[in-house]
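1. please find the sequence and the predicted model below.
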Amino acid sequence: MEWLEIIWRTILVIIILFTLTKLLGKRQLGQLSYFEYITGITIGSIAAYVSMDLDITWYYGILAMVVWTAVVYGLESITLKSKFVRDIIDGKGVVLIKDGKIMEDNLTKLHLTADDLLEEMRGKNVFKVADVEFAVLEANGKFNVLLNKENQPLTPKDLGLKTVPEREPQTVIIDGKIMDEPLATIGLSREWLHTELDKIGVAIENVFLGQVDAYGELFVDCFDDKIKIPQPQQKALLLATLKKCEADIEMFGLSSNNSFARKMYQECSEQLQNVIASLYPILSR
């Protein structure tokens, strides 16, 4: 009954591979070192032989897989403590552009051409070498670029604006089912959720995915893409109302003949402008 032996060998190999992989930890494919990449291929090949080749002693293959895993695990433990060993095993990042100048010698060492460099830059939405302050090819093969200061996008900090901390959204509906734990995390209830769904006219069973952001807004995606979900207007209305109030106060100040009243209106207008500026990141979403 060779087919039965193949079945139990395959199941055994799957269990062992899963255990060994969990032991080595989680890394994305692009983060693997060359040695880890080779090890993965080798262990996979050994596992295939153990499953299918009935002429070999199966536990020798298992032993080889365990030895390979132990070597990788030992090297990972050493690299965590020694930068010298880490540089040998994982390698180091190589600078390809510095101060807008291409490092041709480094390109040659990595066997890269100018076309390869330009392709990597286009992948980062950068099309001009002179716009690059610093570019490096990381040890895991990723290409990272730092643009010149004048070519970097503006941030609220550059504009002198303060932003409120952003918390991750909570997924409260999946496949038409309410997730009670995320709801409790943000202090909301099922009754609140049903009320919000009633406002937009969507039944819970029609919701594929529902999320609540840090500001208490519910966003849903329906199974039927033809259903149009009305966007919440409360924040937009509040922002418009605040702007109208600020404009009215400023107009009152301009139309007043009393210098004391004009000054008071001006101060109130400036205070309301500051309030609007501080709330704008929240209300404009």
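-> That came in fine, so what should we check first? Numbers count the residues shown, from 1 in each chain.
2. so for stretch 94-104, mean pLDDT?
-> For stretch 94-104, the mean pLDDT works out to 92.
3. how long is it end to end?
-> End-to-end distance of stretch 94-104: 12 Å, with Cα to Cα, to the nearest Å as the criterion.
4. buried ones in that stretch?
-> 94, 96-97, 103 (16 or more other Cβ atoms under 10 Å). For the C-beta atoms, the positions are set from N, CA and C on the backbone; glycine is no exception.
5. which of the residues you listed fall within strands?
-> 94, 96-97 (DSSP state E).
6. could those go into CSV alongside distance to L137?
-> Listed next are these as CSV, based on distance: Cβ to Cβ, whole Å:
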residue, distance to L137
V94, 5
L96, 6
I97, 10
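7. hang on, S51 packs against R9?
-> Yes: between S51 and R9 there is a contact at 5.0 Å, judged by Cβ atoms under 8 Å.
8. before we move on, the earlier item: farthest pair within the buried residues of stretch 94-104?
-> V94 and I97 (10.8 Å; Cβ to Cβ).
9. which residues does the helix or strand hosting T21 contact?
-> Assessed by DSSP states H and E, T21 sits inside helix 2-24. Contacts of helix 2-24 with the rest of the structure, by Cβ atoms under 8 Å, 6 or more residues apart in numbering, involve 36, 43, 47, 50-52, 54, 58, 62, 65-66, 69, 72-73, 76.
10. what about the helices in the stretch 101-250 of the chain?
-> 104-109, 114-123, 180-185, 190-200, 234-255 (DSSP state H, counting those that start in this stretch).
11. including distance to I16, could the ones you listed go into JSON lines?
-> Below are those laid out as JSON lines (distance: least, Cβ to Cβ, whole Å):
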{"stretch": "helix 104-109", "distance to I16": "40"}
{"stretch": "helix 114-123", "distance to I16": "38"}
{"stretch": "helix 180-185", "distance to I16": "34"}
{"stretch": "helix 190-200", "distance to I16": "44"}
{"stretch": "helix 234-255", "distance to I16": "55"}
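12. for I173, find the nearest of those.
-> helix 190-200 (7.6 Å).
13. C-alpha coordinates for the closest one, CSV please?
-> C-alpha atoms of helix 190-200 as CSV (Å, rounded to 0.1, in the frame of the first residue of the first chain):
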residue,chain,number,x,y,z
ARG,A,190,-25.0,47.1,19.0
GLU,A,191,-27.9,49.6,19.4
TRP,A,192,-25.6,52.4,18.2
LEU,A,193,-24.5,50.3,15.2
HIS,A,194,-28.1,49.5,14.2
THR,A,195,-29.0,53.2,14.6
GLU,A,196,-26.2,54.2,12.3
LEU,A,197,-27.1,51.6,9.7
ASP,A,198,-30.7,52.8,9.8
LYS,A,199,-29.5,56.4,9.0
ILE,A,200,-27.9,55.2,5.8
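14. which residues touch that helix?
-> 172-173, 178, 180, 183, 203-204, 207, 210, 218, 220, 229-230.
15. so where's the protein uncertain?
-> 1, 24-35, 56, 156, 158-159, 161-166, 227, 229-237, 280-285 (pLDDT under 70).
16. can you list the domain ranges for it.
-> The record, using automatic domain parsing to delimit domains, assigns the chain the ranges 2-88, 94-151, 170-222, 234-283.
17. returning to that earlier point: ok, which pair from the contacts of helix 2-24 is furthest apart?
-> L54 and E76 (34.1 Å).
18. between the two, which is the more surrounded one?
-> Using other Cβ atoms under 10 Å as the criterion, L54 and E76 rank with E76 on top: 18 against 10.
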